[in-house]
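J.: need a 3D model of the following:
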Amino acid sequence: MKAFHSLMLVAFLLCTRASAQNFKLAGFNAHLNLYPDEVSMRNLSLGATYEQKIKGNSGFETGLYYRSERSGGVVSYMVGGASRSTTFAVSRRYLAVPVLYKYYGRVFNLSAGPVLDFFVDWKQTQGRNEVPITNYRVSPRVQLGYLIKLSKFIPVSKQFLLEPEVRLGSVRTIEQTAVGIGIAGKYRL
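T.: Next up, the predicted model:
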C-alpha cells in the first residue's frame with residue numbers, strides 16, 4: 001500500500017506543477033496484451049486516460065484500466081464411491097493505474113513508468129454445475145509492475161487525436177512480460 005500512496009503523491013505533484021500548461025488530453029483507450037508463456041491468454045483492457053505536457057518535450061500520462069483474465073484447472077471429487085474430475089474456469093477482474101513519464105518526440109512518443117494492478121473480483125465461468133467454486137483468492141491483491149509504450153499522435157481534427165501504441169510491460173514478473181498493441185482516442189482539454 002506504500003507504493004500506491006507514493007504513486008498518488010507523484011501524480012498529484014505532477015498535476016499541481018503542470019496546472020499552468022495548456023497541453024492536456026483526456027480520452028479512452030483499448031489495448032490487447034499477449035503473454036508469450038500463455039499463448040491462449042489474451043487480455044483486452046479498456047479504460048480512461050489523462051495526460052499533460054509539463055515542459056518542453058516532457059509530460060506525464062495516467063489512467064484507470066479494467067481487464068479480466070481467465071484461469072482454470074481440474075478438480076477431482078467423489079460421487080457414490082467413484083472418483084470424478086471436471087474442469088473449471090474463473091474470470092479474474094483487475095483495475096490498473098499507470099503513472100508514466102511521457103517524452104513527446106517529433107516522430108514518436110515514448111512513455112514509461114510503474115503500474116499498480118488491483119485485484120477487484122472473480123466469477124466462475126465454467127464447471128458451475130459440477131463443482132461450484134465458493135472461495136477463490138489471489139495473493140497479493142495489489143501488484144506493482146512496469147509499462148513502456150511507443151506511440152504516435154494522429155490528428156483527426158483540431159480537438160481530437162488518435163494515438164496507436166505498441167506496449168511492453170508486466171504486472172506479474174519479469175518472466176511474464178506481455179507485448180501488446182492499443183489505440184486511444186484523445187480530446188484536447
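J.: what's the spacing between the most centrally placed residue in the chain and Gln126?
T.: The chain has Ala96 as the residue nearest its centroid, 4.6 Å off, counting by CA atoms, centre = their mean. Going from Ala96 to Gln126 by CB to CB, to the nearest Å gives 25 Å. The C-beta positions use only the backbone N, C-alpha and C, and glycine is treated the same way.
J.: quick check: beta-bridge partners of the residue nearest to the centre of the chain?
T.: Tyr65, Asp117 (DSSP bridges).
J.: do the same with Leu32
T.: On the basis of DSSP bridges, Leu32 is bridged to Leu44, Ile181.
J.: for it, which residues are in contact?
T.: Listed by CB atoms under 8 Å, 6 or more residues apart in numbering, the contact set of Leu32 reads Arg42, Asn43, Leu44, Ser45, Gly180, Ile181, Gly182.
J.: what's the closest of those residues to Tyr101?
T.: Set against Tyr101, the nearest of the contacts of Leu32 by CB to CB is Gly182 (17.9 Å).
J.: now the helices for the protein?
T.: With DSSP state H applied, the chain shows helices at 2-17, listed in chain order.
J.: where does it dip in pLDDT?
T.: Scanning the chain for pLDDT under 70 picks out 1-22, 36-42, 128, 172-175.
J.: what ranges do the strands span in it?
T.: 24-35, 38-55, 58-79, 82-104, 109-126, 142-151, 154-155, 160-170, 178-188 (DSSP state E).
J.: quick one, which of these is nearest to Tyr136?
T.: Once the strands of the chain are compared by CB to CB, strand 109-126 is nearest, at 4.9 Å.
J.: what angle separates that closest one from strand 82-104?
T.: Strand 109-126 and strand 82-104 are oriented at 160 degrees to each other (axes from the mean of the first three to the mean of the last three CA atoms, to 10 degrees).
J.: and strand 109-126, what does it pack against?
T.: On a contact count with 3 or more CB pairs under 8 Å, 6 or more residues apart in numbering; DSSP states H and E, strand 109-126 meets helix 2-17, strand 58-79, strand 82-104, strand 142-151.
J.: list the helices and strands the second one packs on?
T.: When contacts are defined as 3+ CB pairs under 8 Å, 6+ apart, strand 58-79 packs onto helix 2-17, strand 24-35, strand 38-55, strand 82-104, strand 109-126.
J.: can you redo these as a markdown table with distance to Glu61?
T.: What follows is the helices and strands packed on strand 58-79, written out as a markdown table (distance: least, CB to CB, whole Å):
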| stretch | distance to Glu61 |
| --- | --- |
| helix 2-17 | 10 |
| strand 24-35 | 9 |
| strand 38-55 | 4 |
| strand 82-104 | 4 |
| strand 109-126 | 5 |
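J.: out of these, which is closest to Ser151?
T.: Proximity to Ser151, assessed across the helices and strands packed on strand 58-79 by CB to CB, is greatest for strand 109-126 (4.8 Å).
J.: thank you kindly, that will do.
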